[in-house]
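Q: Provide a 3D model corresponding to the input given below.
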Amino acid sequence: MPTISIFQKDFCRLVGRTASMSDIEQWMPYVKGEVKDVSQDTGEVRVELQDTNRPDLWCVEGIARQIRSVLNKGMPPYAFFSDKKGAKRR
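A: Now for the predicted structure:
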């Protein structure tokens, strides 16, 4: 299974909130991941992903986007997909 390294500081910036290591460990099941190793000196976290069908999660940006969507109850609206009145286009 893919194992990637992420940095806690970078991850927190991308998620948009501060997170302790216990928070990060609790959030990893949302991406079918598991924290394997933590370097306290550098803040590096090694994450093993259990699902190879989601290559978008093979980077810190993808993991943060998925966790952010779960914590914020959905993805933010994008102006590209809506008209000026806020109604969605097809």
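Q: Give me the longest helix you can find in this structure.
A: Scanning the chain for the longest helix, with DSSP state H as the assignment, gives helix 60-71.
Q: ok now it, how far from the chain's centre?
A: Chain-centre distance of helix 60-71: 3 Å, with C-alpha atoms, centre = their mean, to the nearest Å.
Q: just stretch 40-58 next, same as before
A: Distance of stretch 40-58 from its chain centroid, counting by C-alpha atoms, centre = their mean, is 9 Å.
Q: Residues in contact with that stretch: which ones?
A: 1-9, 11, 21, 24, 28, 31-39, 62-63, 65-66 (C-beta atoms under 8 Å, 6 or more residues apart in numbering). In this view, the C-beta of every residue, glycine as well, is placed from N, C-alpha and C.
Q: Would you list the buried entries among those?
A: 4, 6, 8, 11, 24, 28, 31-33, 35, 62-63, 65-66 (16 or more other C-beta atoms under 10 Å).
Q: Neighbours of the spatially closest residue to residue 16 that is not a sequence neighbour, how many?
A: Excluding the flanking residues, the one nearest residue 16 by C-beta to C-beta, 6 or more residues apart in numbering is residue 68, at 6.2 Å. The tally of other residues near residue 68 (other C-beta atoms under 10 Å) stands at 17.
Q: where does this protein dip in pLDDT?
A: Applying pLDDT under 70 to the chain picks out residues 74-90.
Q: Which parts of it are strands?
A: 3-7, 33-39, 44-49 (DSSP state E).
Q: Measure how the first one sits relative to strand 33-39, angle-wise.
A: In other words, strand 3-7. Per axes from the mean of the first three to the mean of the last three C-alpha atoms, to 10 degrees, the angle that strand 3-7 makes with strand 33-39 is 60 degrees.
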